[in-house]
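# Build me a model from this:
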Amino acid sequence: MITTCTGQTLPDACPPVRHSSRGPPHRPPGLGHRPVEHALAWYLVGVGDVSKRILLGRKLRSTQLGETLLPKRIALPVFASDALSSVAYAPDEIFIMLAIAGASAYVWTWKIGIAVAVVMLTVVASYRQTVHAYPSGGGDYEVATVNLGRRAGVTVASALLVDYILTVAVSISSASSYASAAIPALKEHEVTVAAIAVAVLAALNLRGVRESGTFFAIPTYLFMFAILGMCTWGFIRMLSGTLPQAASADLIIEPVPGWEGGALNTIALIFLLARAFSSGCAALTGVEAISNGVPAFQKPKSRNAATTLLLLGLIAITMMMSVILLADQMNVRYVDPHHIERLRLPDGSPMPPGFDQDVIIAQIARAVFDHFPAGFYFVVTMTGLILVLAANTAFNGFPVLGSILAKDGLAPRQLGSRGDRLAYSNGIVFLAVLAMILIWAFDAETTKLIQLYIVGVFVSFTLSQLGMIRHWGRHLRTETDPGVRRRMMRSRAINTFGFGLTAVVLVIVLVTKFLAGAWITILAMATFFAIMQGISKHYDKVTSELLVEEDDQVLPTRVHAVVLVSKVHKPTMRALAYAKAARPNVLEAVMVDTDHTVTARVLEDWDTRRIDVPLKVLYSPYREIIRPIVDYTRSIRDSNPRGVVAVYIPEYVVGRWWEQLLHNQTALRLKGRLLFTQGVMVISVPYQLRSSLIAKERAEREMSKARPGDIRRGVLHDKPTGRAGDKR
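Next up is the predicted model:
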């Protein structure tokens, strides 16, 4: 086996080594007038790059970032789809919880709805203060970190990350259930359907915020039109006395044993209402996304974000309360789908086999549009679609938060890099992968996932409001203008009320949902907290180790250069020539004896060609290649601790993807080992084989077909990949 081939497939993977004492990399003259190289860069892309261009579109320059910012009409559906989609399940959860005590407990539905609406209005009002005070996009994390300390900020970040992942998992799982109900062939394949939906959403968001926002805007507005139109028509029919009863109105709900309405004492009733209230608070998920997405808005960013937030709150409350009130007026009966046996026919007999209750919105739509079936199908279709799009809020909020955490050293720095389409691509992919894992782990069952919901978002709500209280208090101590002080005191009062209310809701959620699955969320938050703290410590340690010290500018006492040899051929001769040009103190060639016949032939060729560099042969009784070289370089370094060992590795560069399968990866593994050897420098010396020129020849043929003006219009200029661009 030879030691000089890594099987690289692209010429630009091993660019010629260049040295520069100072200044930026040299840019060859006439770069803008080299059409063949523009086309060559296009043909050098791999299959993966071509697929990425097809899926994501052409790359955008950094200067085009402003083109991706969102106007309010697009920002509303982009950031509101999660909160608005809660209309599809928050009322259902309230009815399910109250049904534990039987249909008589439904008298509390609209009152619980009002309580949830009050909380939502409070949260919206509080976050309007946040987006004005902290428009950078840090949202709850920035507020908590600045005002409560780093630990509080990491706690909030952990809660938000978990909540974003759950938003995707819950919304997509619920949508897959709608899909399987509408298409029987998809039953028992909900996990696959959900995973595909997550992948599609990730791909759409990888195309960029502006394009994904435009795509999501129409369905979201249609959903709003469907629900508000249905409720408006329902109220018109109610006022005219023609509102029909729901199909389930005559059904009887059997209370859970021990929860019969007459047997409920005050404590049990309070606990039941608290459970229903905490379930209804699922309607608040997604409200915080706007505070994390302020940088995505067009200028003035904070004002547009605050306006969008107000619109979101008003629309969501209107839709939720309308659905609850209509359901109450139409005597809807709804129980946990896993306990359908608690529903009884009017005569008390069990429901017929195979009975499947419709969700509340479907029951309302079917009755309201009893003479217009198209209205029913429109509402149900838009509701199912919005559940898929709801995950888009997380795909906008999670990457932005991840980029901020990366800049603060709490997350991998890759999360802070924008991709080809100026989106935070790594964060989008990371979110998609985690959501898929969660969907698979819980078998895409919404009823299981919903129990994990809400905890994280109310942790961030509460700490954020506490941070805002301290924020206004700190500024009030230094502000002297009476008008500004009045505004600050008003904002502090809003945040104080918000803190008290969200803290109470958080306690209620923890008490009523802890054993039902909230403990998993708390455990996940603790895990994220520990990981971020570990990442922070790692980056701090690396930074301290990389600080320049006095002896870092001292030149090594000597440079011992080693050129690796497997046979006497052109790559070896090029590596020897390059090593000589560097003028090391000591230069020698080294080969490993794994086959005595091959070694003898190399020694003979070496002497015949009278190569003026000594060739040393390392004996390897077990036919190992890497270990003898590593041990030899270490021995050189140990004999001269203040010197360095420069290892030159000749490498083949091939032009076809399949050709790398015909060459070994010894040099690549060797470089990996030598990187951990102190005082050893590794230099790759590429040699392009004839096959590597195929791409250039194809590019020249394509250029012969190019039309006049193609380069000027950027037809070929925009196609090169980042690697080809780096090479030039």
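
# Please make it C-alpha for all contacts and neighbour counts, starting now.
OK.

# who's in contact with Val429?
Contacts for Val429 (CA atoms under 8 Å, 6 or more residues apart in numbering) come out as Ala202.

# Can you say which helix or strand has it in it?
Element membership for Val429, per DSSP states H and E: helix 425-441.

# Next SSE downstream of that helix?
Helix 425-441 is succeeded, C-terminally, by helix 446-449 (DSSP H and E).

# In CSV, could you pull the C-alpha coordinates for the following helix or strand past that following helix?
Reading on from helix 446-449 to the C-terminus, the next helix or strand found by DSSP H and E is helix 455-476. The C-alpha trace of helix 455-476 is given here as CSV (Å, rounded to 0.1, in the frame of the first residue of the first chain):
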residue,chain,number,x,y,z
VAL,A,455,-43.3,24.7,30.8
GLY,A,456,-40.3,26.1,28.9
VAL,A,457,-42.1,29.1,27.5
PHE,A,458,-43.5,30.1,30.9
VAL,A,459,-40.0,29.8,32.4
SER,A,460,-38.7,32.2,29.8
PHE,A,461,-41.8,34.5,30.3
THR,A,462,-41.3,34.8,34.0
LEU,A,463,-37.6,35.4,34.0
SER,A,464,-37.9,37.8,31.1
GLN,A,465,-40.5,39.9,33.0
LEU,A,466,-38.3,39.9,36.1
GLY,A,467,-35.4,41.1,34.0
MET,A,468,-37.5,43.9,32.5
ILE,A,469,-38.5,45.1,36.0
ARG,A,470,-34.8,45.4,36.9
HIS,A,471,-34.1,47.0,33.5
TRP,A,472,-36.6,49.8,34.1
GLY,A,473,-35.5,50.2,37.7
ARG,A,474,-31.9,50.7,36.7
HIS,A,475,-32.8,53.3,34.1
LEU,A,476,-35.1,55.2,36.4
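
# Could you name the helices and strands sitting against the following helix or strand past helix 455-476?
As assigned by DSSP H and E, the chain's next helix or strand after helix 455-476 is helix 482-513. Packing partners of helix 482-513 (3 or more CA pairs under 8 Å, 6 or more residues apart in numbering; DSSP states H and E): helix 109-133, helix 266-280, helix 455-476.

# and these, which one is worst for confidence?
Of all the helices and strands packed on helix 482-513, the minimum mean pLDDT falls on helix 266-280 (a mean of 82).

# How far off centre is the helix or strand just after it?
Helices and strands here follow DSSP H and E; after helix 266-280, the next one along the chain is helix 289-292. Centroid separation for helix 289-292 versus its chain: 15 Å, with CA atoms, centre = their mean, to the nearest Å.

# And stretch 278-288, by the same measure?
21 Å.

# end to end, how far does that stretch reach?
18 Å (CA to CA, to the nearest Å).

# what does that stretch rub up against?
Defining contact as CA under 8 Å, 6+ apart, one finds that stretch 278-288 is touched by 79-80, 82-84, 86-87, 90-91, 93-94, 97, 112-113, 116, 120, 123-124, 127, 139-140, 167, 309, 312-313, 393-394, 453-454, 457, 461, 505, 508-509, 512.

# Also stretch 431-443?
165-166, 168-169, 173, 190-191, 194-195, 198-199, 202, 395, 398-399, 445, 448-449.

# Just the CA atoms from the helix holding Val429 would do, formatted as PDB, please.
Only the C-alpha atoms of helix 425-441 are listed here, as PDB (Å, rounded to 0.1, in the frame of the first residue of the first chain):
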ATOM      1  CA  SER A 425     -28.500  27.200   7.900                       C
ATOM      2  CA  ASN A 426     -26.800  25.200  10.700                       C
ATOM      3  CA  GLY A 427     -29.500  26.200  13.200                       C
ATOM      4  CA  ILE A 428     -32.300  25.200  10.800                       C
ATOM      5  CA  VAL A 429     -30.800  21.800  10.200                       C
ATOM      6  CA  PHE A 430     -30.000  21.300  13.900                       C
ATOM      7  CA  LEU A 431     -33.600  22.100  14.800                       C
ATOM      8  CA  ALA A 432     -35.000  19.800  12.100                       C
ATOM      9  CA  VAL A 433     -32.800  16.900  13.300                       C
ATOM     10  CA  LEU A 434     -33.800  17.300  17.000                       C
ATOM     11  CA  ALA A 435     -37.500  17.600  16.100                       C
ATOM     12  CA  MET A 436     -37.300  14.400  14.100                       C
ATOM     13  CA  ILE A 437     -35.700  12.600  17.000                       C
ATOM     14  CA  LEU A 438     -38.400  13.800  19.300                       C
ATOM     15  CA  ILE A 439     -41.200  12.800  16.800                       C
ATOM     16  CA  TRP A 440     -39.600   9.300  16.500                       C
ATOM     17  CA  ALA A 441     -39.200   8.900  20.200                       C
END
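
# Please pick the buried ones from the contacts of stretch 431-443.
Buried by 16 or more other CA atoms under 10 Å: 165-166, 168-169, 173, 190-191, 194-195, 198-199, 202, 395, 398-399, 445, 449, out of these.

# Just the ones of these in helices?
165-166, 168-169, 173, 190-191, 194-195, 198-199, 202, 395, 398-399, 449 (DSSP state H).

# Between which two of the residues you listed is the distance greatest?
Using CA to CA, these reach their maximum pairwise distance at Glu190 and Pro399, which is 26.2 Å.

# Buried ones among the contacts of stretch 278-288?
Applying 16+ other CA under 10 Å to the contacts of stretch 278-288 flags 79-80, 82-84, 86-87, 90-91, 93-94, 97, 112-113, 116, 120, 123-124, 127, 139-140, 167, 309, 312-313, 393-394, 453-454, 457, 461, 505, 508-509, 512 as buried.

# domain parsing for the chain?
If you go by automatic domain parsing, the domain ranges for the chain are 88-348+358-539, 557-727.

# So what's the model's average confidence on stretch 296-312?
For stretch 296-312, mean pLDDT is 84.

# So what touches it?
With CA under 8 Å, 6+ apart as the test, stretch 296-312 has contacts from 68-72, 75-76, 80, 83-84, 124-125, 127-128, 131-132, 135, 209, 287, 290-291, 294-295.

# Count residues in the vicinity of Pro686, would you?
For Pro686, the tally of surrounding residues (other CA atoms under 10 Å) stands at 25.

# Kindly report the same for Arg207.
A total of 23 residues lie near Arg207 under the criterion other CA under 10 Å.

# Just say which of the domains of the chain is most tucked in.
domain 88-348+358-539 (a mean of 20; mean count of other CA atoms under 10 Å).

# can you give me how far that domain is from the chain middle?
Here domain 88-348+358-539 is found 18 Å from its chain centre; the criterion is CA atoms, centre = their mean.

# Please enumerate the helices of the stretch 601-728 of the chain.
Using DSSP state H, counting those that start in this stretch, the helices of the stretch 601-728 of the chain run over 626-639, 666-674, 694-705, 710-713, 722-727.

# which strands and helices sit next to the first one?
Packed against helix 626-639 by the contact rule (3+ CA pairs under 8 Å, 6+ apart) you find strand 615-619, strand 644-653, helix 666-674.
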